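Asks: Prediction below, plus the sequence it came from.
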Amino acid sequence: MSKVYDVAILGGGPAGLAAGLYASRSRMVSVVIEKAKWGGQAATTEELENYPGSIEHTTGPKLIDRMKSQAEAFGTELIKDDVLAIDPTGDIKTVKLANGEIKARTLIIATGAQPMLLGAPGEMDFRGKGVSYCATCDADFFTELEVVVVGGGDSAVEEAIYLTRFADKVTIVHRRDQFRAAKSIIEKAMKNEKISVIWDTVVEEIYGDGIVEGVKLKNIKTNETTDFRTDGVFVFVGYKPFAEFAKGIVEMDEKGYIITDENMRTSVEGIFAAGDVRKKLLRQVVTATADGAIAATIAEKYIEDKFHS
């Protein structure tokens with residue numbers, strides 16, 4: 001019979017690596033499968049000042065390297081492959097990969113989510129150098145500076161309000177002539193003296209010399225373009241969870257995020273979800289690692305009750 005893991009963890013970001021660590025320390029045979037870059041979004045983050053204990057200069061790649069080494073030291077197997085589908089039927093789950101398949105008693109889906117991009121020239125060049133997708137992560141770097149927020153939904157307006165605690169001026173750039181956010185959030189933003197809005201406008205380009213210095217704006221009604229000076233660009237035009245392979249199998253919300261209870265259980269017995277891929281309030285490295293630890297712990301209890309009682 002082919003090898004059966006106790007837990008197969010889909011995704012090698014902070015949630016997946018934490019799940020692997022906790023699973024292996026509990027003497028479960030565990031594997032973490034990652035398609036692309038170990039660490040996910042965290043691996044592209046230069047500064048991690050809000051991760052507990054990171055008093056000294058801590059970068060995302062350094063933290064992820066330590067997480068990987070720690071999980072491996074306790075016996076977690078790490079595999080680079082692409083998850084194509086999962087078969088949840090029976091006591092043993094099957095994960096179909098681009099290069100074969102894996103069988104496991106439990107699955108932890110930790111494939112994460114990715115912020116949707118503007119697609120404007122300069123966006124990727126200045127990512128981490130003035131372009132951000134997380135105010136909670138990066139607002140402090142813009143203390144007493146001026147920033148642009150792109151978007152018009154709840155997240156964009158809420159994050160703009162949050163940024164006013166640090167920045168001197170926050171300009172929201174929105175492609176429509178009214179916000180899509182909740183009325184109460186809009187009212188709060190409009191009362192804030194630090195917030196101004198540029199309507200019917202898109203960001204055509206982000207430019208600078210090493211760091212962001214400005215954006216080129218285009219009014220979609222008049223086609224007029226203008227240069228707008230700014231120290232930073234915060235993009236909030238939506239997130240996309242990576243969970244297509246689980247669609248129709250586990251319960252999801254309208255945006256494709258996996259719905260779990262507080263113990264990371266999904267709607268399918270033996271399948272758990274952790275980190276940014278699940279429906280939750282706060283998406284941070286610290287909450288992802290907590291999710292992973294909980295998912296692995298509850299998976300262990302599930303295996304004990306299901307297979308050893």
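Replies: Right, received. Where do you want to start? Residues are numbered from 1 along each chain as shown.

Asks: Could you count how many residues lie near the closest residue to residue 224 other than its chain neighbours?
Replies: Nearest residue to residue 224, sequence neighbours excluded (Cβ to Cβ, 6 or more residues apart in numbering): residue 218, at 7.2 Å. In short, each C-beta sits where N, CA and C put it, glycine included. Here the number of neighbours of residue 218 (other Cβ atoms under 10 Å) works out to 17.

Asks: Verify the stated contact: residue 218 with residue 205.
Replies: No. Assessed by Cβ atoms under 8 Å, residue 218 is found out of contact with residue 205, at 9.1 Å.

Asks: right, and residue 273 touches residue 260 too?
Replies: Yes. The pair residue 273 / residue 260 is scored as a contact, 5.0 Å apart, by Cβ under 8 Å.

Asks: Who has more neighbours out of those two?
Replies: residue 273 (31 against 24).

Asks: With residue 125 as the reference, measure out to residue 234.
Replies: 16 Å (Cβ to Cβ, to the nearest Å).

Asks: who has more neighbours, these two?
Replies: The neighbour comparison of residue 234 against residue 125 (other Cβ under 10 Å) goes to residue 234, with 27 against 14.

Asks: ok, the more buried one - contacts?
Replies: Under the criterion of Cβ atoms under 8 Å, 6 or more residues apart in numbering, the neighbours of residue 234 are 132-133, 135, 138, 147-150, 159-160, 163.

Asks: what pairs with the helix or strand containing it, and is each one parallel or antiparallel?
Replies: Using DSSP states H and E, residue 234 sits in strand 232-235. Note on strand 232-235: by DSSP bridges, its sheet partners are strand 131-132 (parallel), strand 146-150 (parallel).

Asks: Return the set of buried residues in the worst-scoring helix or strand of the chain on mean pLDDT.
Replies: Lowest by mean pLDDT, DSSP states H and E among the helices and strands of the chain is helix 135-138, with a mean of 85. For helix 135-138, a neighbour-count test (16 or more other Cβ atoms under 10 Å) marks 135, 137-138 as buried.

Asks: Fine by me, we can end here.
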